[in-house]
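Enquirer: the sequence and its predicted three-dimensional model are supplied below.
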Amino acid sequence: TPDFYGKAIVFDTYIGKNPITKAQNYGADQLKGTDSQSNLTPGAQICAFYQNPSTNKVDYSSAYMDGHLIWKGTAWAYQTQNNGNWADEETYWPIGYNLAFVAYSLNAETEGAITNQSADKTQFNFTVKDAVASQTDLLATPLTPVSENPNGDTQVNLQFYHLLSRVGFKVLATNATNATISISSVKLCGAFPRVGYVDLTSKVEPARPEIVPNTSSNIATEYNLFASGESFSVMTSACATT
């Protein structure tokens, strides 16, 4: 229930043009659902927890907000589930508290990359799939404390980070001929943990979430970047990337 002045909570999200790391092409347009890749799930899971303004202690026992952020063309809407249906909900600042927010991209959840999630949704395991074409990017925010704006609505600014690394290759001609180079197999070989642990509340400096790899098991030794029958061709007169 809003207080007398109706101080609403509104959201703004940011994904930098040059993110720290990136896996698949999942960024601001994909998070908003405004790109052409209809197979990618838009939106973010968001949770907010009470924070004592005197001690800065966060209470994770009961979430003040537990829902989705969905882009509505001009602004982000907060949605909650009621009888199996998601609907917009206006949320107002709790009197006498600050709030601490965490969020992550819904594509990782709907594509089955998130498992063993804690009850408060701040901790989970993330699994990298064996097929490169099926691998999922993960955007997440650090724990973001916000104080109430006493003069009106409170805007919550969330900065999403890519938690995975993207591996890229370049093909560059060694002479000026116009020959065509065809590549039908690229393999990434080594020791790659398939599973990592994510704690969105961890105090990492500078403040950003990270994946802690599980190196004791679930190790992949090879990734084929091309599926069976796939190939890539490039003229030697120019440099190309893939």
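Expert: Great, that's in hand. Numbers count the residues shown, from 1 in each chain.

Enquirer: quick check: end-to-end length of stretch 162-172?
Expert: 28 Å (Cα to Cα, to the nearest Å).

Enquirer: what average pLDDT does it get?
Expert: Averaged across stretch 162-172, pLDDT comes to 77.

Enquirer: what's the spacing between it and its chain's center?
Expert: Its chain's average C-alpha position is 18 Å from that of stretch 162-172, according to Cα atoms, centre = their mean, to the nearest Å.

Enquirer: just the endpoints, please. Distance across stretch 179-198?
Expert: Using Cα to Cα, the end-to-end distance of stretch 179-198 comes out at 47 Å.

Enquirer: same check, this time on stretch 140-155
Expert: Stretch 140-155 has an end-to-end distance of 18 Å (criterion: Cα to Cα).

Enquirer: not counting it itself, show me its contacts.
Expert: Residues outside stretch 140-155 that contact it (Cβ atoms under 8 Å, 6 or more residues apart in numbering) are 5, 7-12, 51, 53, 56, 58, 93, 97-105, 122, 156-161, 163, 198, 200-202, 204, 207-209. For glycine as for every other residue, the C-beta is placed from the backbone atoms N, C-alpha and C.

Enquirer: recalculate using a threshold of 6 Å.
Expert: Contacts to stretch 140-155, defined as Cβ atoms under 6 Å, 6 or more residues apart in numbering, come from residues 7-10, 12, 51, 93, 98-104, 156, 158, 160, 163, 201, 207-209.

Enquirer: with stretch 103-117 instead?
Expert: Here stretch 103-117 has contacts from 40-41, 43-46, 124-127, 136, 138-141, 158, using Cβ under 6 Å, 6+ apart.

Enquirer: again, only using 7 Å
Expert: By Cβ atoms under 7 Å, 6 or more residues apart in numbering, the residues outside stretch 103-117 that reach it are 26, 31, 40-41, 43-46, 68-69, 124-127, 136, 138-141, 158.

Enquirer: identify the bridge partners of the residue nearest the centre of the chain.
Expert: Central residue of the chain (Cα atoms, centre = their mean): Leu139, 1.3 Å from the mean position. Going by DSSP bridges, Leu139 is paired in beta bridges with His162.

Enquirer: backbone dihedrals for Ala108, please?
Expert: Ala108 adopts backbone torsions of phi -70, psi -30, taken as degrees, to the nearest 10.

Enquirer: now it, nearest residue through space, not along the chain?
Expert: Excluding the flanking residues, the one nearest Ala108 by Cβ to Cβ, 6 or more residues apart in numbering is Leu138, at 4.6 Å.

Enquirer: list buried residues within the contacts of stretch 140-155.
Expert: With neighbours counted by 16 or more other Cβ atoms under 10 Å, the contacts of stretch 140-155 contain buried members at 7, 9, 51, 93, 98-104, 156, 158, 160, 163, 201, 209.

Enquirer: for the helix or strand where Ser233 lies, which residues meet the burial criterion?
Expert: Under the criterion of DSSP states H and E, Ser233 resides in strand 232-235. For strand 232-235, burial by neighbour count (16+ other Cβ under 10 Å) applies to Phe232, Val234.
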